[in-house]
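Engineer: Predicted structure and sequence below. I'll ask about it afterward.
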Amino acid sequence: MTLFPVYPLFDINIVKGKGCHVWDDKGQEYLDLYGGHAVISIGHCHPHYVDMLTKQLNTLGFYSNSVINTLQSQLAERLGQVCGYPDYQLFLINSGAEANENALKLASFHTGRKRVLAAGKAFHGRTSLAVEATDNPKIVAPVNSNGHVTFLPLNDLAAFEAELSKGDVAAVIVECIQGVGGIRMATAEFMQGLRKACDKTGTVLICDEIQCGYGRSGKFFAHQHLGVKPDIITCAKGIGNGFPMGAVIISPKFEAVYGMLGTTFGGNHLACTAALAVLDVIEQEQLVDNAAKVGAYLMEELKKLQQTDAHIVDVRGEGLMIGIEYDQPIKALRNALVHDEHVFTGAASTNILRLLPPLTLSLDEAKLAVEHIKRVSKVLD
């Protein structure tokens with residue numbers, strides 16, 4: 001048997017990690033500005049994280065949601081305090097796609113409606129309704145094209161208001177900073193107007209914080225920069241620092257009914273332990289503040305680079321979620337970063353370099369990152 005080849009892979013075998021660095025099987029060290037696709041929030045192999053997971057694994061690795069799991073309650077209480085939503089409710093699953101799938105299902109249960117509004121260039125996952133709400137026809141199979149979702153331009157409030165006024169929309173789902181869409185930012189004016197329009201029409205507002213949340217933007221959630229309070233917040237990626245986990249954070253106005261949502265593996269003992277360890281480190285090491293501080297430095301330095309590098313069209317983002325848009329495809333540039341500079345980065349579209357490092361990135365590491373990016377620009381000449 002062989003692997004189903006759906007991923008374009010770098011010919012590199014990563015075998016070790018520590019902090020913001022990883023090593024391959026030949027001993028080569030790399031600066032990780034990708035964080036395994038924004039997943040590594042507290043750094044690779046953080047000792048507190050490793051210790052807590054090891055102790056839990058030696059005690060109990062898994063039991064189902066048919067019994068009480070006090071770790072789930074501990075996580076709900078801690079997360080509510082840290083993120084600023086102590087009165088909300090928590091439903092735990094395994095991934096970001098599942099989080100959005102369950103959020104959209106909950107909105108439909110709550111409103112009795114079928115339609116969903118999403119933003120152009122959105123990416124919300126690869127499960128049934130989540131992928132239908134993703135603006136990329138290449139990954140939406142015919143079986144997922146059911147006509148539930150209408151796409152409208154991000155920040156076009158009038159377009160959203162016009163659709164909401166029809167009174168048949170169950171939910172609006174928005175990434176306040178689009179990740180796969182190219183680090184495109186929702187404005188405060190748009191989100192505040194959208195909140196009012198959803199209130200007026202009885203529509204559920206969902207903020208997808210799977211990539212832009214969990215401290216990455218320099219606040220715990222990206223929507224907290226914009227002065228809005230969503231009805232549902234979805235999380236994954238950084239919540240478990242690599243342990244598969246997702247979460248739906250739900251307004252108290254939603255009423256649970258036994259059996260309406262469910263999962264086999266969601267919120268298991270190891271997953272909750274990982275998430276609790278992540279919150280410990282985020283608080284103890286003030287990583288949300290670090291993301292804001294180091295991210296501001298990176299933005300300032302990359303904006304300076306833009307002034308001298310004719311290939312850079314734009315630099316945008318918030319905290320440690322930054323996009324560098326170039327005037328041409330960046331495949332050669334990314335290859336040079338990996339093979340010549342030994343730096344991992346992400347990409348969006350064909351021409352946007354995406355920086356999603358661990359929230360532990362230091363100022364010294366950020367300075368190195370800028371130097372690496374400067375040096376590879378020559379491959380675009």
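Structural biologist: Arrived safely, thanks for sending.

Engineer: buried sites along the host helix or strand of Cys198?
Structural biologist: Here Cys198, judged by DSSP states H and E, is contained in helix 188-201. Neighbour counts over helix 188-201 (16 or more other CB atoms under 10 Å) mark 190-191, 193-195, 197-198, 201 as buried. C-beta: built from backbone N, CA, C; applies to glycine.

Engineer: for it, packing partners?
Structural biologist: helix 157-164, strand 169-174, strand 204-208 (3 or more CB pairs under 8 Å, 6 or more residues apart in numbering; DSSP states H and E).

Engineer: contact partners of the last one?
Structural biologist: Right, strand 204-208. For strand 204-208, the external contacting residues (CB atoms under 8 Å, 6 or more residues apart in numbering) are 96, 100, 103-104, 106-107, 110-111, 122, 124, 170-176, 194-195, 198, 221-223, 228, 230-234.

Engineer: Would you give the sheet partners of that strand, along with the direction of each?
Structural biologist: The strands that strand 204-208 pairs with in its sheet are strand 169-174 (parallel), strand 232-235 (parallel) (by DSSP bridges).

Engineer: show me the contacts for Gly238.
Structural biologist: 38-41, 213-216, 278, 359.

Engineer: and the longest helix along the chain, what does it pack onto?
Structural biologist: The single longest helix within the chain, with elements called by DSSP state H, is helix 287-308. Here helix 287-308 touches strand 312-318, strand 321-326, helix 363-376, going by 3+ CB pairs under 8 Å, 6+ apart.

Engineer: List the buried residues in the longest one.
Structural biologist: By that I understand helix 363-376. So, applying 16+ other CB under 10 Å, buried residues of helix 363-376: 365-366, 368-370, 372-373, 376.

Engineer: hey, where'd the strands end up in the stretch 1-150 of the chain?
Structural biologist: 14-18, 21-24, 29-32, 89-93, 115-119, 149-152 (DSSP state E, counting those that start in this stretch).

Engineer: State the distance from the closest residue in space to His372 that isn't next to it in sequence to Cys20.
Structural biologist: Using CB to CB, 6 or more residues apart in numbering and skipping residues adjacent in sequence, the residue nearest His372 is Glu341, 4.2 Å away. In this view, Glu341 and Cys20 are 14 Å apart by CB to CB, to the nearest Å.

Engineer: again, but for Lys166
Structural biologist: 48 Å.

Engineer: Would you mind telling me which of these two has the busier surroundings?
Structural biologist: Cys20 (23 against 10; other CB atoms under 10 Å).

Engineer: Sounds good, over and out.
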